[in-house]
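**Student:** Pasting the sequence and the predicted coordinates here, then a few questions.
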Amino acid sequence: MSPPKKTRLKAATFSFKERGRLSKGKDLDVVYVSHKQVIGKKRKTTWVESCADALYNTAPTSSPSSSPRKRVREETHGLPTIQEEFDKEVFDNFFSYTDNKQRKTKTQNDFIQEYLPFRDLYLDILLDLEKPSSVSECQSCQIGEGKFHCLTCSGNQTLCGSCIVKAHHFLPFHKVQEWTGKCFEDKSLKELGFAWEDIPLDAEAGSVPMETFSGSTTASTMTIIHSTGVFLHNVVWCGCPGSNHRQHLQLLEARLFPASITRPRTAFTFEVLDHFLIDALECKTCASSFFEKIRRLTNHSFPDTVPEKPGKGDLAWFRPACPQPSINLPDKWQDKYKSWLISQRYVVDGNFTAQHMTMRMPHLDISLSDGLGYMVNDQEYQTHLLLAVESKERSSCSNHRAINTANISRSNLRATGVGATACARHGCFVPHSIVDFQKGERHMNIDYSICNALNYHSAGIDSSLIIYDVGCQWSINFLQRVAESQGLSIPENMQIIPAVGKFHLSAHKLACFARYSLNFVQGAGHVDGEILETLWAPFNKISPTARSMSHAHRQEVLDNHMRDSNWKKIVGIVKTLLTKYNRALKGVDETKSPFDELTRSLNPGKILMWGIDEQKAMEKRGEYLDIYQLQINKAPTMAEIRLKLTESENADTGHPGTVSWLITGINLEDLQDTLRAEIRLLPNDGTSAQKTAIEEKRQRLAAKIAKFHETADAMTVGMDLDIGTVHSDDPRFCHADNDGNEWGGASDEEISEDIDEEILTEEMGIWMPSSVSQQDALTLGLGPLQAEELELRKGQANDCLENLRMALSHKAIIYRQYFRSADSTWSGTRSKQEAHQCQLKINKCV
């Protein structure tokens, strides 16, 4: 008979599920776990967690199996124990013992579902906190008027001015508000007579009160930055004998870090410095962003009123001051303002960074604000997409493939991006107009966003400017798509004026410039139509985080950031509009005198006619805007002249193929120019392979010239042809070919030392009708050929001038954008090389 096995207590953690048992679960509660000292295999003493049954009145039970699968199959029979009843009372329905099912933990959707019935009640309570107490007198002294309360202190007590200061004798960084009869307004303790005199600045930190701020009656105003905001306080410096009279050291002893040494007027609490350190290490927050947070904690509505602003540019935000009936327009505003002034101006754009992954269980997702913010209602939007039919129209403008095929691969993506409509002047997102893209940037998505924006506070407004990157194509059948869709609508009698942003307009055809340019829209002003691009930059920082969120969570996060973006524009609207107004006045003053001078120099009749045409173009638009199109009479190219001459060559000369023969001669002259340039670039000690390549090109060119002259003999039967015209290069424009060639150019004699020809191929004369004088040409009957050659030469000159202009403009761009701003030797050297290549093209054209 084998001896009985020794039972040994196994180390295990304690589980919430069955207290009093040993379990290998991970639900650890150290209060219910005892420790036991054991000796390991290597004779080392360790402490392990053991059963704590002795601490509770629970019956000992056998330990559950260590296998997870076996633990799942375990069942509890009979009535629930006292411990089970206790667990059910404490943890509600986290798990159930009566249904013999595995414990189930609540998800976030369960908590949201429980919250929804109480949402309105929560809102009522929050609003009640914004009204004063029903007790009018001070709840401390019962004498003064209780109109002050503290947001930082617990409770909702109202005190008088003297009592609120006394209550905050050791709490200088609390936020106090005063009831004005209509609302609570922020009130600083400094304004209520609070001063740093005989008061320890570090009382909130629990340290011993200091005495260094007494003994003096001279007070200085200090700006103190704390983790809860920026505060102004009157500080009385200590002047007692034996104390440290240096102000910055007194601040440091009071756990305040001075911003300067000589005359400190700003100080930071140690607590706010610790907060900034942790934010910088964990959240990678820069100093300006951290201080912006402190400013908003101080005064969320008007952070620009907070002292010690970081610097210029922080208030350069835009806020919509667009006309909105029943909100910011007076009664009978139609009779007071012109129609073009009271007009909606929206810009539309897409962002393909704001993607969203497909959810595994979307039916469990619960939204708190679906359609109540900036994102559209998901159910109505999906219904519109289900019924809408995307029209596949052939583009009459440039093929904007970047938009049509963007994120067309939507593997595991519920949304490939978002489309937004914002105010074109101030860059404010329009509520309930942000849509998700499913496959590229389709019209059905953009139409839904634009229609929701047009219906937002637009009663009575009869015109709307829509700026869209592909507005020329979107606007063609927009009204037809609205009429055929059940989910789209626009206000009655509203005129839609399509336009294209100034940056994207350059990628369109020339015909789109006049019809869709913002320069020719009355009331557009200096709007560039690209403000949404600036809004996407900060928006893209949260897109990776929101990519894997649930649909409702992502919607709320995007709404929150858009709301914050609009709020920042609201608080900076005054200074922004003032800056724009001053800039506009300065522009009017600078341009009025030249404009008047130009007007006086023109014919009054033409000015009157132009005014009539402009008024008609503003009213009817469309093709009437073509009056603004630049009338450029471009010189005909050589290809155009060749086509014209080819169509009529039989009637003029009676010999077919003369134009093609003349073109061949002109091309041979160009080949000679190219060969001479290559020879000049050949070094003195050129290799045999280089010289062989030059010789082969000479032989091929010589064969072409000989064949050309054979054709010329057939064209001029019975005529004695001269040797032809020999072209030579101008030495003034050949020096650039040798730049960067340290060996210098090889001479023709060195290259052709083994050549038996007396005349080099690049110096051969090519006979053309222009090789003889005009009188001799008429005598020999070559007048028509000479006239055709003259027309072709004109086309050649036109092409050469166009190439020369392009090369000169390219060189100017290189010098302006790259060469002058080169920040390294490599970029400077590369810019020089590009400029040198442009100079070679210029010399070739010259």
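**Tutor:** On my side now, so go ahead.
**Student:** Show me what counts as buried in the longest helix belonging to the chain.
**Tutor:** Longest helix in the chain, counting residues (DSSP state H): helix 783-813. Residues of helix 783-813 classed as buried: 784-789, 791-793, 795-796, 798-799, 804, 807, 810-811 (neighbour count, 16 or more other CB atoms under 10 Å). C-beta coordinates here come from the backbone N, C-alpha and C atoms, glycine included.
**Student:** what distance separates that helix from the middle of the whole chain?
**Tutor:** The chain centroid and the centroid of helix 783-813 are separated by 44 Å under CA atoms, centre = their mean, to the nearest Å.
**Student:** The next helix-or-strand element following it vs helix 783-813, what angle?
**Tutor:** Per DSSP states H and E, helix 783-813 leads on to helix 825-845 as the next helix or strand towards the C-terminus. Per axes from the mean of the first three to the mean of the last three CA atoms, to 10 degrees, the angle that helix 825-845 makes with helix 783-813 is 160 degrees.
**Student:** ok, which stretches of the stretch 51-200 of the chain are helices?
**Tutor:** For the stretch 51-200 of the chain, the helices defined by DSSP state H, counting those that start in this stretch occupy 68-73, 82-91, 108-115, 119-128, 161-167.
**Student:** what comes into contact with the helix or strand where residue 608 lies?
**Tutor:** Assigned by DSSP H and E, residue 608 belongs to helix 604-620. For helix 604-620, contacts defined as CB atoms under 8 Å, 6 or more residues apart in numbering pick out 520, 522, 599, 624, 625, 627, 628.
**Student:** Pick out whichever of those sits closest to residue 345.
**Tutor:** Proximity of the contacts of helix 604-620 to residue 345 (CB to CB) peaks at residue 522, which lies at 11.6 Å.
**Student:** Report the buried residues of the helix holding residue 608.
**Tutor:** Going by 16+ other CB under 10 Å, helix 604-620 has these buried residues: 614, 617.
**Student:** Check stretch 167-178 too.
**Tutor:** Applying a neighbour-count criterion of 16+ other CB under 10 Å, one finds 167, 168, 172, 173, 174, 175, 176, 177, 178 buried in stretch 167-178.
**Student:** Repeat that for stretch 766-785.
**Tutor:** The neighbour-count check on stretch 766-785 (16+ other CB under 10 Å) flags 766, 767, 768, 769, 770, 771, 772, 777, 780, 782, 784, 785 as buried.
**Student:** ok, the first one to residue 845 distance?
**Tutor:** I take that to be residue 766. 20 Å (CB to CB, to the nearest Å).
**Student:** now the helix holding residue 608: how far from the chain's centre is it?
**Tutor:** Taking mean C-alpha positions (CA atoms, centre = their mean), helix 604-620 and its chain are 40 Å apart.
**Student:** now swap in stretch 180-194 and tell me
**Tutor:** Using CA atoms, centre = their mean, the offset of stretch 180-194 from its chain centre is 40 Å.
**Student:** what about it, start to end distance?
**Tutor:** End-to-end distance for stretch 180-194: 20 Å, by CA to CA, to the nearest Å.
**Student:** Quick check: buried residues in that stretch?
**Tutor:** In stretch 180-194, counting by 16+ other CB under 10 Å, buried: 184, 186, 187, 189, 190, 194.
**Student:** Restricted to strands, list these.
**Tutor:** Using DSSP state E, 184, 186, 187 are the members of those that sit in strands.
**Student:** Per-residue pLDDT of the first one, please?
**Tutor:** It refers to residue 184. At residue 184, the predicted lDDT confidence score is 82.
**Student:** Excluding chain neighbours, give the residue nearest to residue 130 in space.
**Tutor:** Leaving aside its chain neighbours, residue 130 sits nearest to residue 184 (6.9 Å; criterion: CB to CB, 6 or more residues apart in numbering).
**Student:** Below-threshold pLDDT in the stretch 151-300 of the chain: ranges please.
**Tutor:** Counting by pLDDT under 70, the stretch 151-300 of the chain has low-confidence residues at 196-218, 242-244, 281, 300.
**Student:** close enough to count as contact, the residue nearest to residue 130 and residue 147?
**Tutor:** No: Residue 184 lies out of contact with residue 147 (CB atoms under 8 Å); the separation is 9.1 Å.
**Student:** quick one: common contacting residues for those two?
**Tutor:** Shared contacts of residue 184 and residue 147, defined by CB under 8 Å, 6+ apart, are found at 132, 178.
**Student:** what secondary structure does residue 263 sit in?
**Tutor:** For residue 263, the secondary-structure state derived from DSSP: H, G, I helix; E, B strand; the rest coil is coil.
**Student:** Run through the residues that contact it.
**Tutor:** residue 247.
**Student:** Average pLDDT for the helix or strand hosting residue 590, rounded please.
**Tutor:** Element membership of residue 590 [criterion: DSSP H and E] is helix 573-600. Helix 573-600 shows a mean pLDDT of 89.
**Student:** and the angle for it with helix 604-620?
**Tutor:** 140 degrees.
**Student:** Going by neighbour count, which residues in helix 573-600 are buried?
**Tutor:** 573, 576.
**Student:** for that helix, packing partners?
**Tutor:** Using 3 or more CB pairs under 8 Å, 6 or more residues apart in numbering; DSSP states H and E, no helix or strand is in contact with helix 573-600.
**Student:** Could you give the separation of that helix from the chain centroid?
**Tutor:** For helix 573-600 - counting by CA atoms, centre = their mean - the centre lies 30 Å from the chain centre.
**Student:** and if you look at stretch 773-788?
**Tutor:** For stretch 773-788, the distance to the chain centre is 66 Å (CA atoms, centre = their mean).
**Student:** Pull up the distance across that stretch, start to finish.
**Tutor:** 15 Å.
**Student:** what about that stretch, average pLDDT?
**Tutor:** 80.
**Student:** Please apply the same query to stretch 528-544.
**Tutor:** Stretch 528-544 comes out at a mean pLDDT of 87.
**Student:** State the distance spanning the first to the last residue of it.
**Tutor:** Across stretch 528-544, the terminal residues are separated by 29 Å (CA to CA).
**Student:** mind listing what's buried in that stretch?
**Tutor:** Quick answer for stretch 528-544 (16+ other CB under 10 Å): 529, 530, 531, 532, 533, 535, 536, 539, 542, 543.
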